[in-house]
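> Pasted the sequence and its predicted model underneath.
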There are 2 protein chains.
Amino acid sequence: MKEHRPERPAVHARAKTARPGAADGPDDAGGGAHVTLQDVARRAEVSLATASRVLNGTTQVRPDLRERVLAAASELAYAPNAHAQALARASSQAIGLICHDVSDPYFAAIARGVTRTATEHGLLVMLASTFRDPTREVDYVAMLRAQRARAILLIGSGFEDRAWERSMSAELDPYVRAGGRVAVLSRHRGLRVDTVQPENREGAAALARDLLALGHRDFAVLTGPRALTTVVDRLGGFRDALAEAGVPLPDDQVVEGSFSRDGGFAAATELVRRGSRATCVFALTDVMAIGALSAFRHHGIDVPSQVSLAGFDDIPIVRDLVPSLTTVALPLEGMGERVMSLALRAPARRSRVERISGEVVLRATTAAPPEL
Amino acid sequence: MKEHRPERPAVHARAKTARPGAADGPDDAGGGAHVTLQDVARRAEVSLATASRVLNGTTQVRPDLRERVLAAASELAYAPNAHAQALARASSQAIGLICHDVSDPYFAAIARGVTRTATEHGLLVMLASTFRDPTREVDYVAMLRAQRARAILLIGSGFEDRAWERSMSAELDPYVRAGGRVAVLSRHRGLRVDTVQPENREGAAALARDLLALGHRDFAVLTGPRALTTVVDRLGGFRDALAEAGVPLPDDQVVEGSFSRDGGFAAATELVRRGSRATCVFALTDVMAIGALSAFRHHGIDVPSQVSLAGFDDIPIVRDLVPSLTTVALPLEGMGERVMSLALRAPARRSRVERISGEVVLRATTAAPPEL
DNA sequence: CTGAAAGCGCTTACAG
DNA sequence: CTGAAAGCGCTTACAG
């Protein structure tokens, strides 16, 4: 195909900007320049405008010209420069997805829903993992804003922190003002953006009631960082439902760990160390519950005969655990689809909130409390 | 901040291109235009060039001008247009990551390594899940090429299909010729690009030998689609090692399923249905093994006392399974870092191949075969 | 150190 | 239906 390479125009008004790896001339062996629409037009012997029209299918173009353009594009393996298109059209084909960690099954399932929906709309997903660093989260929003992403999706609990909220708003507000779309999952309403909101409080309360019905009266909770809204809601809902039944949840029965398998392991271990006499333990997320399950096993404590254990989320793997995990099921993949769809809809006068209810699923990690 | 909004120049050589949501004037309530460098320069009363220099820190700029530019940018909440930058600089800040499914723990772990490394280099990751559709894979490469992604990473087994190989090369070759970088994980060498190659064959062979040492002589294998190179290598390595020990692997003891939890469940069920008398089953991936474990349990077959089970990959969860899974451990996150790093290095004369060896980890799903 | 201006690769009203 | 040309928002040699 070398002989097909069109000549660059011999005369430029001024010298071309030198670019690394963009050598012109005969010795472009390693790293030639990209083929441009101009190249295609020249080879098809039509104007730039015509070539553009053919390739975008906007207007009618005479069949023979059309053929020539298509042939030229294919022969040159032309790929339009998305940046130039984005600039000229003032819109991009990408959306941004910010989560804490894609390798966490919870986010992975949601990301699956998001990417599938995005693909259906011909959009590309730019993925960012913050690893729970608030600063990095703000930085990513700035990058996505620079990318003129069509929408920015914030997945995962926000931080209860005024300073963070301010700097986040400082990025988000101008983005929205300029026409950007923002949708979030599991956030406090402080952000005033379209939201998909799992009913954490209600789900945890329903779980508490089912656990009480099993006969439990001594509970412990494995929580994540208190600064996360999800933690506040799930813990609050659980505690309130217990209180309604006249069952207290002593402070020393609430152990904090990170929202991870190891965090759950550590928190459960700490619980054991404290000599907890809880007959039922609620881990605020399934991922923590998995760690707790391992910790109990490690300490020779049988689940559920000695202690019952419940999680929250219903990530795919927990069905296959032995014993299978009791949890509050959330339609994770569907939630991903919902946030993406929400962000694709025209903005509303006031922010929308889609509530997602959780469903308690009693599996094998919970049973009646052991006899005294 | 409304009063700070700089006036647009009153006179244009011709009317501004009308853009949806880009209204000028007083009623830009919903969806104003983005703030541009021009706006910043005007407010700081400097030239465009100076504003650009300050914001990029390239050249020295007089301190007072510098201050003014910085102040203006911050007051206007300026975010540079990455597309314009990409166009002017002829390079972008994004890399593309193509995998089969992010929500699969195997890919999730690798994606984690990739994104972490990308972040360290200030790069954004564009993520695409193909859900194992070869056509979609080629389409994504085209999109990433259009985005002028700095690098394209292909994660996951390729397809043994001439037609697919051709169309993939048709996209990849011009991309590489134009200076794009490509690195792949688990591919056949046909693609001639930098590769991180887990030693599937050797790992499976080592596993076979350890299983033989345990006393097993009757094996079965749960495979994925034969068109995947990973399947060919793992199955081949396993079978060859058995053959070396004079142990056959009958064709009817090799059951094919999809590379997923459900595929593993189905394949194991089929094995049971066939009345297999294998004492040891090798699932080609951990994800399949998880499904198989559930299937055996479902059929009342105890692992490992009645049948031993082994997987491959060592995804994070398998340590927490009960019984914990015997497998061939691959440094998944590290592999993600390696592909990303490979793609960031200058291209070599001939493609590099980094071999990653797997390590057999005997856990609780394997034991000596039951007495006859 | 600073500014005017060309150029990056497209799209699209405007005038045939 | 087609082409010449402006404009999208930046960067960066070039000439002070």
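Now that the structure is in, tell me what you want to look at. Numbers count the residues shown, from 1 in each chain, chains lettered A, B, ... in the order given.
> If we ignore the residues flanking it in sequence, what's nearest residue A:365?
Excluding the flanking residues, the one nearest residue A:365 by C-beta to C-beta, 6 or more residues apart in numbering or on different chains is residue A:309, at 4.4 Å. Just so you know, the C-beta spots here come from the backbone N, C-alpha and C atoms, and that holds for glycine as well.
> which residues touch the helix or strand hosting the one you found?
Counting by DSSP states H and E, the secondary-structure element that holds residue A:309 is strand A:308-310. With contact meaning C-beta atoms under 8 Å, 6 or more residues apart in numbering or on different chains, strand A:308-310 is reached by A:207, A:211, A:214, A:216, A:279-283, A:289, A:292-293, A:296, A:303, A:325-328, A:365-367, A:369.
> switch the cut-off to 7 Å
With contact meaning C-beta atoms under 7 Å, 6 or more residues apart in numbering or on different chains, strand A:308-310 is reached by A:207, A:211, A:216, A:279-283, A:289, A:292-293, A:303, A:326-327, A:365-367.
> which SS class is the nearest residue to residue A:299 once chain neighbours are set aside?
Nearest residue to residue A:299 in three dimensions, chain neighbours excluded: residue A:272, at 5.2 Å (C-beta to C-beta, 6+ apart). Assigned by DSSP: H, G, I helix; E, B strand; the rest coil, the conformation of residue A:272 is helix.
> Isn't residue A:272 up against residue A:297?
No - using C-beta atoms under 7 Å, residue A:272 is not in contact with residue A:297; the gap is 11.4 Å.
> more crowded one of those two?
Higher neighbour count among residue A:272 and residue A:297: residue A:272, with 17 against 14, using other C-beta atoms under 10 Å in any protein chain shown.
> For burial, what's the neighbour tally of residue A:99?
Residue A:99 has 23 nearby residues by other C-beta under 10 Å.
> Where does chain A get nearest to DNA strand D, which residue?
At 2.8 Å from DNA strand D, residue A:62 is the closest residue in chain A, using C-beta to the nearest atom of the strand.
> Now do the same for the residue nearest to residue A:299: its pLDDT.
The score at residue A:272 is 97. That number is its pLDDT.
> quick one: it and residue A:309, what's the gap?
Separation of residue A:272 from residue A:309 (C-beta to C-beta, to the nearest Å): 13 Å.
> same thing with residue A:95?
Counting by C-beta to C-beta - residue A:95 and residue A:309 are separated by 37 Å.
> Residue A:211 too?
Counting by C-beta to C-beta - residue A:211 and residue A:309 are separated by 10 Å.
> Distance across stretch A:273-283, terminal residue to terminal residue?
17 Å (C-alpha to C-alpha, to the nearest Å).
> What of stretch A:185-194?
End-to-end distance (C-alpha to C-alpha), stretch A:185-194: 9 Å.
> go on, stretch A:185-198?
8 Å.
> is chain B contacted by it?
No - residues of stretch A:185-198 are not located near chain B by C-beta under 7 Å from any C-beta of the partner chain, the shortest gap being 14.4 Å.
> Can you mark which positions in that stretch are buried?
A:185-188, A:191, A:193-198 (16 or more other C-beta atoms under 10 Å in any protein chain shown).
> Isn't residue A:334 up against residue A:110?
No - counting by C-beta under 7 Å, residue A:334 does not reach residue A:110; the two are 9.2 Å apart.
> So if I had to pick from these two, which one is more boxed in?
For residue A:334 versus residue A:110, the count of surrounding residues by other C-beta under 10 Å is larger for residue A:110: 32 against 13.
> so which helix or strand takes in that one?
Going by DSSP H and E, residue A:110 is in helix A:105-120.
> swap in residue A:127?
strand A:124-129.
> what does the stretch 1-150 of chain A put close to chain B?
So the stretch 1-150 of chain A meets chain B at A:19, A:21-22, A:31-34, A:77, A:79-84, A:86-87, A:90, A:92, A:94, A:101-103, A:108-109, A:111-112, A:115, A:124-129, A:142-143, A:145-148 (C-beta under 7 Å from any C-beta).
> Three-state assignment for the nearest residue to residue A:261 once chain neighbours are set aside, please.
Closest residue to residue A:261 apart from its sequence neighbours, by C-beta to C-beta, 6+ apart: residue A:291 at 4.2 Å. Under three-state DSSP, residue A:291 falls in the helix class.
> Against residue A:275, how distant is residue A:291?
Distance from residue A:291 to residue A:275, by C-beta to C-beta: 20 Å.
> mind listing the strands in chain A by residue range?
Using DSSP state E, the strands of chain A run over A:94-99, A:124-129, A:151-155, A:181-185, A:194-198, A:219-223, A:254-256, A:280-283, A:308-310, A:327-329, A:353-356, A:359-361.
> Redo the ones you listed as CSV? Include mean pLDDT and distance to residue A:316.
Output for the strands of chain A, formatted as CSV (pLDDT from 0 to 100; distance: least, C-beta to C-beta, whole Å):
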stretch, mean pLDDT, distance to residue A:316
strand A:94-99, 94, 17
strand A:124-129, 89, 20
strand A:151-155, 95, 17
strand A:181-185, 95, 18
strand A:194-198, 95, 17
strand A:219-223, 98, 21
strand A:254-256, 98, 26
strand A:280-283, 98, 17
strand A:308-310, 98, 17
strand A:327-329, 98, 11
strand A:353-356, 95, 17
strand A:359-361, 98, 13
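> Mean neighbour count, those: which tops it?
Mean neighbour count (mean count of other C-beta atoms under 10 Å in any protein chain shown) peaks for strand A:280-283 among the strands of chain A, with a mean of 30.
> need the contact list for residue A:289.
A:264, A:283, A:309, A:311, A:325.
> On the pLDDT front, check it for me.
Per-residue confidence (pLDDT) for residue A:289: 98.
> Next one: residue A:175 from residue A:147, what distance?
11 Å.
> Which residue of those two possesses the greater neighbour count?
Per other C-beta under 10 Å, whichever of residue A:175 and residue A:147 has more neighbours is residue A:147, with 27 against 24.
> For the more buried one, give me its contacts.
Counted by C-beta under 7 Å, 6+ apart, residue A:147 has contacts A:92, A:94, A:126, B:82.
> try 10 Å
By C-beta atoms under 10 Å, 6 or more residues apart in numbering or on different chains, residue A:147 lies in contact with A:83, A:86, A:92, A:94-96, A:126, B:79, B:81-83, B:86, B:92-94, B:124, B:126, B:147.
> For it, grab phi and psi.
phi -70, psi -10 (degrees, to the nearest 10).
> that older thread, distance to DNA strand D added to the strands of chain A, as CSV?
Compiled in CSV, the strands of chain A are given as follows (distance: least, C-beta to the nearest atom of the strand, whole Å):
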stretch, distance to DNA strand D
strand A:94-99, 16
strand A:124-129, 19
strand A:151-155, 18
strand A:181-185, 18
strand A:194-198, 25
strand A:219-223, 43
strand A:254-256, 44
strand A:280-283, 47
strand A:308-310, 51
strand A:327-329, 45
strand A:353-356, 32
strand A:359-361, 47
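> could I get the ones you listed as CSV with distance to residue B:73?
Output for these, formatted as CSV (distance: least, C-beta to C-beta, whole Å):
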stretch, distance to residue B:73
strand A:94-99, 22
strand A:124-129, 23
strand A:151-155, 21
strand A:181-185, 22
strand A:194-198, 29
strand A:219-223, 41
strand A:254-256, 40
strand A:280-283, 46
strand A:308-310, 50
strand A:327-329, 46
strand A:353-356, 34
strand A:359-361, 49
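> Please name whichever of the ones you listed is nearest to residue B:68.
strand A:151-155 (30.1 Å; C-beta to C-beta).
> Against residue B:101, how distant is residue A:115?
Distance of residue A:115 to residue B:101, computed by C-beta to C-beta: 9 Å.
> Could you name every residue contacting both of those two?
Common neighbours of residue A:115 and residue B:101 (C-beta under 10 Å, 6+ apart) are B:129, B:131.
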